[in-house]
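Engineer: Take this sequence and fold it.
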Amino acid sequence: MNARLASLTALGLGSALLLTACGGGGQNLTEGEGDDQAAGACEPGAEAPVVEQTDIPVVDIPESGEDAEEINIALIPWEEGIAATALWEVLLGEKGYDVTITELDVAPMYQGTADGDIDLFLDTWLPQTHADYWADYGDQLENLGAWYDNARLTLTVPSYMEDVNTIADLREQADELGNRIVGIESGSGLVRTVSEHAIPGYCLDELELVESSTGAMLAELDSAYQAEEPIVVTLWRPHIAYAQYDLKDLEDPEGMMGGAETIHAIGRGGFAEDYPNAASWLSEFSLSDEELGSLESLTLDEYEDDPQEGARVWLSENPEFLERTLGDDAEGVEF
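Structural biologist: Predicted coordinates for the structure are as follows:
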């Protein structure tokens, strides 16, 4: 790893440990009388995110060529990213590539890929969650294709919280929740959406959004769930937590959390030219809800300590994935 990439890694890991809080700009409804205290009485301080559903063209891929042997894949430890990265680490390794995985936070990942220090990232959410990063860096990146089309941002509680069914219901539960929404990494699109839209849009002034890391959020969710204590977390679909716990996404009638998104594989500028074969395979990469769920189950649960082995097991059980993704290049590849 060169010195520049090492500094990016340090920046990414450091930012994941930040603990800050941000509130919304909506009206305080915890004081007052009569209808002013009702869950529906709100003068929102924000509007729902408006994102143009524009098509981002897939980069032109050379018809033939010899790939570079070394490839550096960035990983932000979000669950679908861990699963997809393990899958491609194993698959590319089987095809003879020297694969390096570099764990980063979201901002230095985009900067590093745009600067050419990272070759590939498999977990870009568009058009909303990573819209700001795409606006800043998209002209320096190559879209290799969308591989999942049903991704969603959520605010989520355990199902045993029977009186909380909508985001607006959180206002009446602020004290029970310790006046906290448990978030993930600072700078993530999910945190930005909750901070800039959901909190002011539903007048959640008394709830602080605590930014930490995905791991810390999941640890708090597990602890609260085991004790059947109230908690609200920032989460997203697809996520293995929905298989591990009985959870419910809070209804979002105002659309403050946005709609369904697609997850893309992106490369640095020149990726397709330097890796024409890998770019061709990535352009055919797709996973259904069922396929992604089973891949996450193996890489994040059954083989939690060795996600690459989980990916190998999944590949051995899904030969049709190899055929549709690699085409003729799948011949002779076995797991």
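
Engineer: all strands in this structure, in order from the N-terminus.
Structural biologist: Using DSSP state E, the strands assigned to the chain run over residues 20-22, 70-75, 98-103, 120-126, 141-158, 180-185, 208-212, 233-237, 247-249, 261-268.

Engineer: Could you measure from the nearest residue to residue 267 once chain neighbours are set aside over to residue 70?
Structural biologist: The shortest distance from residue 267 to any non-neighbouring residue, by CB to CB, 6 or more residues apart in numbering, is to residue 142 (4.4 Å). (C-beta placed from N, C-alpha, C; glycine too.) Per CB to CB, to the nearest Å, residue 142 is found 18 Å from residue 70.

Engineer: ditto for residue 298
Structural biologist: In terms of CB to CB, residue 298 sits 27 Å off from residue 70.

Engineer: neighbour count winner among these two?
Structural biologist: The neighbour count for residue 298 versus residue 70, taken as other CB atoms under 10 Å, is higher for residue 298 (23 against 10).

Engineer: Around residue 61, how many other residues sit close by?
Structural biologist: 21.

Engineer: give the contact list for it.
Structural biologist: The neighbourhood of residue 61, defined by CB atoms under 8 Å, 6 or more residues apart in numbering, consists of 272, 276, 279, 280, 283.

Engineer: quick one: contacts for the last one?
Structural biologist: By CB under 8 Å, 6+ apart, residue 283 lies in contact with 58, 61, 144, 145.

Engineer: nearest residue to the first one other than its sequence neighbours?
Structural biologist: Among residues not flanking residue 58 along the chain, residue 145 sits closest, at 5.1 Å (CB to CB, 6+ apart).

Engineer: centre of the chain versus the longest helix seen in the chain, how much separation?
Structural biologist: Identified as the longest helix of the chain according to DSSP state H is helix 79-94. With CA atoms, centre = their mean, to the nearest Å as the basis, helix 79-94 stands 15 Å off its chain's centre.

Engineer: Surely residue 228 is in contact with residue 161?
Structural biologist: No. Between residue 228 and residue 161 there is no contact under CB atoms under 8 Å: 9.3 Å.

Engineer: Looking at those two, which is more packed in?
Structural biologist: The neighbour comparison of residue 228 against residue 161 (other CB under 10 Å) goes to residue 161, with 21 against 9.

Engineer: Quick check, the more buried one in contact with residue 230.
Structural biologist: Yes. Counting by CB under 8 Å, residue 230 is a contact partner of residue 161 at 5.6 Å.

Engineer: quick one: common contacting residues for the two?
Structural biologist: The contact lists of residue 161 and residue 230 share residue 173, where a contact means CB under 8 Å, 6+ apart.

Engineer: I'd assumed residue 123 was in contact with residue 263.
Structural biologist: Yes. Contact criterion CB under 8 Å: residue 263 and residue 123 qualify, at 6.2 Å.

Engineer: Looking at those two now, which is surrounded by more residues?
Structural biologist: residue 123 (27 against 24).

Engineer: What residues does the more buried one make contact with?
Structural biologist: 76, 78, 80, 81, 84, 85, 263.

Engineer: ok, now with 7 Å
Structural biologist: 76, 78, 80, 81, 84, 263 (CB atoms under 7 Å, 6 or more residues apart in numbering).

Engineer: which residue is nearest the centroid of this structure?
Structural biologist: residue 78 (5.3 Å; CA atoms, centre = their mean).

Engineer: Per-residue pLDDT of that residue, please?
Structural biologist: Listed pLDDT for residue 78 reads 92.

Engineer: ok, it to residue 49 distance?
Structural biologist: If you measure residue 78 against residue 49 using CB to CB, the figure is 20 Å.

Engineer: what's the span of stretch 112-122 from first residue to last?
Structural biologist: Here the two ends of stretch 112-122 are set 14 Å apart, with distance taken as CA to CA, to the nearest Å.

Engineer: Stretch 237-250 now?
Structural biologist: 13 Å.

Engineer: hmm, who's touching it?
Structural biologist: Residues from elsewhere that reach stretch 237-250, judged by CB under 7 Å, 6+ apart: 79-80, 151-152, 154-159, 164-167, 218, 221, 225, 235, 292-293, 296-297, 300-301.

Engineer: How far off centre is that stretch?
Structural biologist: 14 Å.

Engineer: Identify each buried residue in it, please.
Structural biologist: 237, 238, 239, 240, 241, 242, 247, 248, 249, 250 (16 or more other CB atoms under 10 Å).

Engineer: if we can go back for a sec, ok, now which ones touch the residue nearest to residue 267?
Structural biologist: 59, 266, 267, 269, 271, 272.

Engineer: quick one: which of the residues you listed has the most company?
Structural biologist: Result: residue 266 is most packed of those (other CB under 10 Å), 29 neighbours.

Engineer: That one and residue 141 touch, don't they?
Structural biologist: Yes. Under the contact definition of CB atoms under 7 Å, residue 266 touches residue 141, with a separation of 4.9 Å.

Engineer: all helices of the chain, in order?
Structural biologist: Taking DSSP H, the helices of the chain run over residues 3-15, 79-94, 106-114, 131-137, 189-193, 199-201, 214-226, 241-244, 271-274, 276-283, 289-296, 307-317, 319-326.

Engineer: The third one - what's its average pLDDT?
Structural biologist: Computed over helix 106-114, the mean pLDDT rounds to 97.
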